[in-house]
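Participant: The sequence and its predicted three-dimensional model are supplied below.
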Amino acid sequence: MSNRRRWAGLALLLALLACAPVPAAAQDAGALTQQMLVARAAEVYATRLNDHVLDGDTRFAARINAIAATLIARARRDYPETADWAWEVHTTDDPDQNADCMAGGKILVSLAYVRRLELNDADLAMLLAHEIEHAALRHNLKEYQQALRLDPRWAGRPFLELEHAVDHDSGLMNQLASTNYEQEVEADREGMLLAWRAGWPAAQLAGYFRKMYRASAEPRRSKPDYPSPLLRWQAARDLAATLQKNYVQAPSEPLH
C-alpha cells in the first residue's frame, strides 16, 4: 500500500479542480459505509489506470491474472461481500509501484517490482493475497473509523478532506500508526491463510518474505506503522510451520 498516499493526494486535487460534490464524513465512525469507499476507490483506480501504460507485457499480465483468479475465487467464498465486487486486475511497468488492491477489488501490480525481487508464482500468490486481504478486511474503512474516533471534529467535514488527512496530516498519521501496523500484520497472516486455502504450500508462500527481507536496505528496522522485513519473515515462517505441522491442506482449484 506504499503508493496509496500519492494517489490519494492526486485524487483530492482532481476532485477539487472539478468542483465535484463530495460526501460529508458522517457524525460518527459507524456512518461511514464500505459502499462509499468502494465507489471512491473505483474513481481513484480509473485515474491511476489513465496514468499508466497497462498490461504492456502480455505474458506477465496473463500470469498475474491467472494467479489472482484463484485467490479471488477463494476470497469470494471466504468473504461473501467480495462476490459482488467488480474485480479488476492490471499490470504496469512503473518502478515506483509494487502492488495493491483497493476497496472493491481493484488490483495493480508492477512488473518492475516483480523483476527486482525475482518473484516466482508462489511469491506472487503471497503478495496478491496480502493486498486482497487489505480490501477484504475493510482496512481503509477501519482506518477512517479510527481517525474519526481519535478526532470527532472530522465528522462534519467533507470526506475527501479526511481521505487526504489520513495520508498527509502528520499528527493524524502518527495517531493512526499503531492501527496501520496492526493491519499490515493482519494482512500478512490472513493473506497467507487465504493463499494456503487456495492451494498454495505454506512454505513456498513464506518465501516471498525472505526475498523482501533480502532486498530491503534496512531489513531489521520497523516503523511505527510498519513491521520490519525481518519480523514479517519470522512471522511467515512460524505460521507456515504451524500450518504444515497441524493442518491438512484441502485440495483446491488447479494453480500451476
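Facilitator: Great, that's in hand. All of these numbers come straight from a predicted model, not from anything done at the bench.

Participant: From now on I want contacts and neighbour counts done on CA atoms only, so please keep to that.
Facilitator: Will do.

Participant: Need the three-state assignment for residue 104.
Facilitator: On the three-state scheme (DSSP: H, G, I helix; E, B strand; the rest coil), residue 104 is labelled coil.

Participant: quick one: it from residue 82, how far?
Facilitator: Computed as CA to CA, to the nearest Å, the residue 104 to residue 82 distance reads 7 Å.

Participant: quick one, which of those two is more surrounded?
Facilitator: residue 104 (26 against 19; other CA atoms under 10 Å).

Participant: what separates that one from residue 47, distance-wise?
Facilitator: According to CA to CA, residue 104 stands 15 Å off from residue 47.

Participant: Also residue 234?
Facilitator: If you measure residue 234 against residue 47 using CA to CA, the figure is 37 Å.

Participant: Which stretches in the stretch 101-250 of the chain count as strands?
Facilitator: Counting by DSSP state E, counting those that start in this stretch, residue ranges of the strands within the stretch 101-250 of the chain are 106-110.

Participant: OK, contacts around residue 180?
Facilitator: When contacts are counted by CA atoms under 8 Å, 6 or more residues apart in numbering, residue 180 touches 143, 225, 226.

Participant: let me fix that: residue 59
Facilitator: For residue 59, no residue meets the contact criterion (CA under 8 Å, 6+ apart).

Participant: Show me the shaky parts of the stretch 151-256 of the chain.
Facilitator: When the per-residue scores of the stretch 151-256 of the chain are filtered using pLDDT under 70, the ranges that remain are 249-256.

Participant: Try it again at 90.
Facilitator: Counting by pLDDT under 90, the low-confidence segments of the stretch 151-256 of the chain come to 153-160, 245-256.

Participant: just the helices in it please.
Facilitator: Assignment of helices within the stretch 151-256 of the chain using DSSP state H, counting those that start in this stretch yields the ranges 159-168, 170-197, 202-215, 229-246.

Participant: for the longest one, which positions count as buried?
Facilitator: By 16 or more other CA atoms under 10 Å, the buried positions in helix 170-197 come out as 172-173, 175-177, 179-181, 183-197.

Participant: For residue 31, grab the count of nearby residues.
Facilitator: The burial count assigned to residue 31 is 11, neighbours taken as other CA under 10 Å.

Participant: If you could redo that for residue 163, that was the one I meant.
Facilitator: By other CA under 10 Å, the residues close to residue 163 number 21.

Participant: Repeat that for residue 57.
Facilitator: A count of neighbours around residue 57, defined by other CA under 10 Å, yields 12.

Participant: Any chance of CSV for the helices of the stretch 151-256 of the chain, columns distance to residue 98?
Facilitator: Output for the helices of the stretch 151-256 of the chain, formatted as CSV (distance: least, CA to CA, whole Å):
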stretch, distance to residue 98
helix 159-168, 18
helix 170-197, 15
helix 202-215, 12
helix 229-246, 15
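
Participant: tell me the contacts of residue 76?
Facilitator: Residue 76 makes contacts with 82, 83, as judged by CA under 8 Å, 6+ apart.

Participant: Fine, thanks again, bye for now.
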